[in-house]
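Student: What follows is a predicted protein model with its sequence.
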Amino acid sequence: MGFAKLRNRLGKTSQMSLAVAWGTDAAVLLACSRALEEGFVRNVAVTGPEDVIKAACRQAGIEPSLFTIVSAASPEEGAAKAVELVRVGQCNLLMKGMLNTAVLLRAVLNKERGIRGSSLLSHIAIVEMPDKRLALLTDAAMNIRPDLEQKVAIVQNAIDFAWSIGLETPKVALLAAVETVNPKMPETVDAAAIAQMGARGQFRPGAIIDGPLAFDNAYSKEAAEHKGINSPVAGEVDIFVVPEITAGNILYKAFTYAAGFPTAGVVVGAQCPIVLTSRSDSEESKLNAILVAACAGKGSA
C-alpha cells in the first residue's frame, strides 16, 4: 500500500478538520488547498496575521476564502489558538506552519490548555519504498537518546499508527550496527529486550518484532540469508526503529534525498496526529503528511 492506495482508502469525503499553526507560508497553504481539493480534509483553519495569510495565499495563487482565518499576533499565540481549536473539538488534526517546532510543542504539551496524550510524543516518517508499499521510520526528529522505557513507548506509538493507516500486524525491525547482543553496545541489549517483549505479546495490537538487526539485513531478505540470519521481518519491514535521533535523521534524509523515495512526517502521542513539515519539504511531501494524518485520525477515531 503506497500513498496512492492510501488516498483511495481515505476516500473523497473525509470529515477531518485541520488547524494550521501560524500558516503564513505559501507552500504550506498550497498543500492545504490541495488537501481540500482532493478531499483529505473538509475544512482548514489557519492562525496568524490575517493580512500576511492573505498575501501568502495570493503568492500561492489560491483564494483566502478557502480557509477560516483565526487572527494571531505572534507564533506563540498562533500555536496556542491552533491547539485550542483541536482541544475544543473544532478541528481534529494539527499542522505546523512557519514557526519553530519547539513553540508548537510547548502549546501541545501545556498542562492546562494543551492536547497532551497518554504517551510519549514521537516522530514517524512514512516512506514509500520501491515496491510501492509504505514503511515507517521512528524516531528521526523528536527523542534524542531514548532509554529503554522511551523506546518501548516509541515502538508502541508506531504500532498503533501502523494499524490506524491499515498496516495490520506490522513487522518491526529494531536497528543496530550488528545482529548480535553486545553489552558494549547498549542499543543491541535494548533491541533484544524489546524483541522479547514482542514475542510475549506485550505490544497491542499485534506486531512481529525482531532485533537487533543491521539495516542491510532488515531491508533485504537476500542480505539476511547470505549472512545466515533467519528473521521473520527481513525484507518485509513495516516499521524501522532506530536507536537514537542521529541514525534516524541520517536514514530519513538518505531515503528522501539520496534514494528519492516519497516521504511524509507526523508526530504521534498527542490527542491527534500532528503534521510536522520543514521548509525544505516538497509540496508533495507536505500533502502526503496531511493525507497520512487524516487516515490516522480517521482510523483511530
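Tutor: Happy to help now that I have it.
Student: pretty sure residue 129 contacts residue 135?
Tutor: Yes - because the distance of 5.4 Å satisfies Cβ atoms under 8 Å, residue 129 is recorded as touching residue 135. C-betas here are computed from N, CA, C, even on glycine.
Student: Counting neighbours around each, name which of those two comes out higher.
Tutor: The neighbour comparison of residue 129 against residue 135 (other Cβ atoms under 10 Å) goes to residue 135, with 24 against 15.
Student: Confirm that one sits in a strand?
Tutor: Yes - assessed with DSSP: H, G, I helix; E, B strand; the rest coil, residue 135 lies in a strand.
Student: Pretty sure it sits against residue 158.
Tutor: No - if you go by Cβ under 8 Å, residue 135 and residue 158 don't touch, sitting 10.6 Å apart.
Student: which neighbours do those two share?
Tutor: Counting by Cβ atoms under 8 Å, 6 or more residues apart in numbering, the shared contacts of residue 135 and residue 158 are residue 239.
Student: State the three-state secondary structure for residue 70.
Tutor: What three-state DSSP gives for residue 70 is strand.
Student: which ones are touching it?
Tutor: 45-48, 81-82, 85.
Student: Strands along the stretch 1-150 of the chain, start to end?
Tutor: 17-21, 43-48, 68-71, 93-96, 122-128, 134-138 (DSSP state E, counting those that start in this stretch).
Student: and residue 45, what does it touch?
Tutor: Here residue 45 is in contact with 17-20, 67-70, 82, 85, 90-91 (Cβ under 8 Å, 6+ apart).
Student: Apply 10 Å and report the result again.
Tutor: Taking Cβ atoms under 10 Å, 6 or more residues apart in numbering as the criterion, residue 45 is in contact with 17-21, 23, 32, 67-70, 81-82, 85-86, 90-91.
Student: And it, how far from residue 149?
Tutor: Residue 45 is 36 Å from residue 149, where distance means Cβ to Cβ, to the nearest Å.
Student: if we can go back for a sec, for residue 191, state which of the contacts of residue 70 is nearest.
Tutor: Nearest to residue 191 among these is residue 82, at 36.8 Å by Cβ to Cβ.
Student: Without its sequence neighbours, what residue ends up closest to the closest one?
Tutor: Excluding its sequence neighbours, the residue lying closest to residue 82 (Cβ to Cβ, 6 or more residues apart in numbering) is residue 21, at 3.7 Å.
Student: Buried among the contacts of residue 45? Need that as a selection in ChimeraX.
Tutor: Of the contacts of residue 45, the buried ones can be selected in ChimeraX as follows, counting by 16 or more other Cβ atoms under 10 Å:
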select :17,18,19,20,21,23,32,67,69,70,81,82,85,86,91
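Student: ok, which stretches of the protein are helices?
Tutor: For the chain, helices defined by DSSP state H occupy the ranges 3-10, 26-37, 50-60, 75-87, 101-109, 148-164, 186-199, 215-219, 221-226, 245-253, 283-300.
Student: right, and the ones you listed - which one's nearest residue 177?
Tutor: The minimum distance between residue 177 and those falls on helix 186-199, with 8.0 Å, by Cβ to Cβ.
Student: how close does residue 70 get to residue 281?
Tutor: Look at residue 70 and residue 281: by Cβ to Cβ, they are 24 Å apart.
Student: want to throw the helices of the chain into CSV with mean pLDDT and distance to residue 274?
Tutor: Shown next, in CSV, are the helices of the chain (pLDDT from 0 to 100; distance: least, Cβ to Cβ, whole Å):
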stretch, mean pLDDT, distance to residue 274
helix 3-10, 87, 18
helix 26-37, 95, 14
helix 50-60, 97, 20
helix 75-87, 98, 9
helix 101-109, 96, 7
helix 148-164, 97, 12
helix 186-199, 97, 25
helix 215-219, 96, 27
helix 221-226, 92, 34
helix 245-253, 96, 17
helix 283-300, 87, 7
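Student: Select, from the contacts of residue 70, the two members most distant in space.
Tutor: Farthest apart among those by Cβ to Cβ are 48 and 85. That separation is 13.0 Å.
Student: Could you tell me which residues touch both of those two?
Tutor: Here residue 48 and residue 85 have 20-21, 70 as joint contacts, going by Cβ under 10 Å, 6+ apart.
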